[in-house]
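Student: Mind folding the following:
(chains A and B)
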Amino acid sequence: MANNAYHSLLASLPHLDSLFDCKQLPISRFQLDQRLSALGFSERALLNEIEQQMEWGNEAPARPEQNSTAQEFDLIQHAHSLINRVNSPDLAALLNWRLDVRTVVAALRKRMRGEKAPGYSRWSFGSRREFIRRNWNAPYFNLEHRFLWLPDVAKALEQGHSFEAEKLLLAAVWQHLSAEAAKQRFSFEAVVIYVLRWNVLQRWTSYNHEQAIVRFDQLVEQALGQYAAALPE
Amino acid sequence: MEHFVIALGWLGTFAPVALGAVGSAIGCSLAGQSACGAMLDVESGYGKFVGLSAMPSSQVIYGIVIMFSLMGVGVSDATAGALFGIGLLTGIALLFSAMYQGQAVAAAISASKNKPEVFGLSIAPAAIVEGFAVFAFVFALVLGASIVA
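Tutor: This is a model prediction of the structure:
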């Protein structure tokens, strides 16, 4: 894609304003994909790979012939190769930051389960995996000054408030991406950051959607009263 | 050597138009692409985006005026050096001011698309860049008038 063509693509994308106030996505996935078709083939492929790697709750692809450690190793290898292929220091730093967030949360969960520090350095991805391993027993892995939200997330996880922890993480990722978006102007990096922000927004609005379905079911049951039991499963 | 000096004089005379045209083309292209993109996302007010995207075209007009002014001096051994210096440097100023004005306009379109109430304010950076192009234009005319044939 010609450098200048990012102007039309980015100007055609609606502004993503606020995370928690958003009730509806400003642009659907179908429309977003249509607009992103202005990207060149290789850029689109790279963007898809970044999205898959960064997607919230992304897990190793289920491959029955491999055990979970081998699958984890594949995922880590893939993340490293992706960062090496990204031809932009800003983007590589952003991807590393996002992977660091996932690593530090994974480390928190592992430690809460009573697991010991991993025995090998390539136990996860991100640029701080070795630092986390070396500071396994320190409160918040000595990263509380780097990740200001870490103590709150750790407390929420300890108290079993998973939704609260997820909300804090979403807010942290949104804030970081918004700050990075402000630094970029009409470039591939700006497109990637937009799509990652859209994914965070989509994640948040889907939570509300799920909540709405639960509430809808409650209202239906309430309305049906004693006849609710007569309905087929 | 004499021919070379004369050639430089002609180069300086036409440089404001040529470089101004290159800059305006790049600036209008950047701003125009933003305007096209913005039109996909808004339901009305297309005209103001298209109008705004034409802002970097003023540099080539300044270049044409400077060219006529320098041509009036006449290219000779005595004037060629001055024409070359004034024309080339003014052309470079017009080139870069048009390119960067295009980027400022693109940002203004992007901002005012999302927040229509900032339309007027968002043009300010592009207007300031225009001011620098006007400086180069005016002082090229002043200096051009002082060239002694």
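Student: Residue B:119 is in contact with residue B:48, correct?
Tutor: Yes. The pair formed by residue B:48 and residue B:119 meets the contact definition of CB atoms under 8 Å, at 6.8 Å. Using the backbone N, CA and C atoms, a C-beta is placed for each residue, glycine as well.
Student: Overlap of the contact sets of these two?
Tutor: Taking CB atoms under 8 Å, 6 or more residues apart in numbering or on different chains as the contact rule, residue B:48 and residue B:119 both touch residue B:112.
Student: Specify which residues of the chain, grouped into ranges, have pLDDT under the cut-off.
Tutor: I went with chain A, as the question did not name one. Per-residue confidence for chain A (pLDDT under 70) gives these ranges: A:1-4, A:56-71, A:208-210, A:212, A:231-233.
Student: other chain: chain B
Tutor: Counting by pLDDT under 70, chain B shows low-confidence ranges at B:149.
Student: Which helix or which strand is home to residue B:106?
Tutor: Per DSSP states H and E, residue B:106 falls inside helix B:77-114.
Student: Could you pull up the contacting residues of the closest residue to residue A:94 other than its chain neighbours?
Tutor: Leaving out its chain neighbours, the residue that sits closest to residue A:94 by CB to CB, 6 or more residues apart in numbering or on different chains is residue A:180, at 5.7 Å. The contact partners of residue A:180, taken as CB under 8 Å, 6+ apart, are A:90, A:94, A:193.
Student: distance of residue A:180 from chain B?
Tutor: 17 Å (CB to the nearest CB, to the nearest Å).
Student: Check which helix or strand that residue maps to.
Tutor: With secondary structure defined by DSSP H and E, residue A:180 is part of helix A:162-183.
Student: which parts of that helix are buried?
Tutor: For helix A:162-183, a neighbour-count test (16 or more other CB atoms under 10 Å in any protein chain shown) marks A:165-174, A:176-178, A:180-181 as buried.
Student: Of these, just say which sits nearest to chain B.
Tutor: The shortest gap between chain B and any of those belongs to residue A:181, at 11.8 Å (CB to the nearest CB).
Student: so who does the closest one touch?
Tutor: Residue A:181 makes contacts with A:190, A:193, A:194, A:197, as judged by CB under 8 Å, 6+ apart.
Student: Wait, the first one touches residue A:7, no?
Tutor: Think residue A:190. No. With the criterion set as CB under 8 Å, residue A:190 and residue A:7 do not qualify as a contacting pair; they are 10.2 Å apart.
Student: More neighbours: which of those two?
Tutor: residue A:7 (30 against 19; other CB atoms under 10 Å in any protein chain shown).
Student: so who does the more buried one touch?
Tutor: With contact set as CB under 8 Å, 6+ apart, residue A:7 has these partners: A:186, B:30, B:31, B:33, B:34, B:37, B:106.
Student: and the contacts of residue A:181, which are buried?
Tutor: Buried members of the contacts of residue A:181, counted by 16+ other CB under 10 Å: A:190, A:193, A:194, A:197.
Student: In which helix or strand does residue A:186 reside?
Tutor: Under DSSP H and E, no helix or strand contains residue A:186.
Student: ok, how many other residues are close to the closest residue to it other than its chain neighbours?
Tutor: Spatial nearest neighbour of residue A:186, chain neighbours left out: residue A:6 (4.5 Å); criterion: CB to CB, 6+ apart. Here the number of neighbours of residue A:6 (other CB under 10 Å) works out to 26.
Student: and what of the one 4 residues further on?
Tutor: For residue A:10, the tally of surrounding residues (other CB under 10 Å) stands at 23.
Student: Looks like it contacts residue B:36 (just checking).
Tutor: No. Shown here, residue A:10 and residue B:36 do not form a contact pair, counting by CB under 8 Å, at 11.7 Å.
Student: List phi and psi for the residue in chain A positioned nearest to chain B.
Tutor: Here chain A gets closest to chain B at one residue, residue A:11, 3.1 Å apart by CB to the nearest CB. Phi and psi for residue A:11, reported as degrees, to the nearest 10, are phi -70, psi -20.
Student: Tell me the spacing between it and residue B:75.
Tutor: The span separating residue A:11 from residue B:75 equals 44 Å under the rule CB to CB, to the nearest Å.
Student: These two - which one has more neighbours?
Tutor: In this view residue A:11 and residue B:75 are compared by other CB under 10 Å, and residue A:11 has more residues nearby, 26 against 21.
Student: who touches the more buried one in this structure?
Tutor: Taking CB under 8 Å, 6+ apart as the test, what residue A:11 contacts is B:33, B:34, B:35, B:36, B:37, B:38, B:41, B:106, B:109, B:110, B:113.
Student: How many neighbouring residues does residue 37 have?
Tutor: No chain in the question, so chain A it is. Neighbour count of residue A:37, defined by other CB under 10 Å: 9.
Student: Wait, chain B was what I had in mind.
Tutor: 26.
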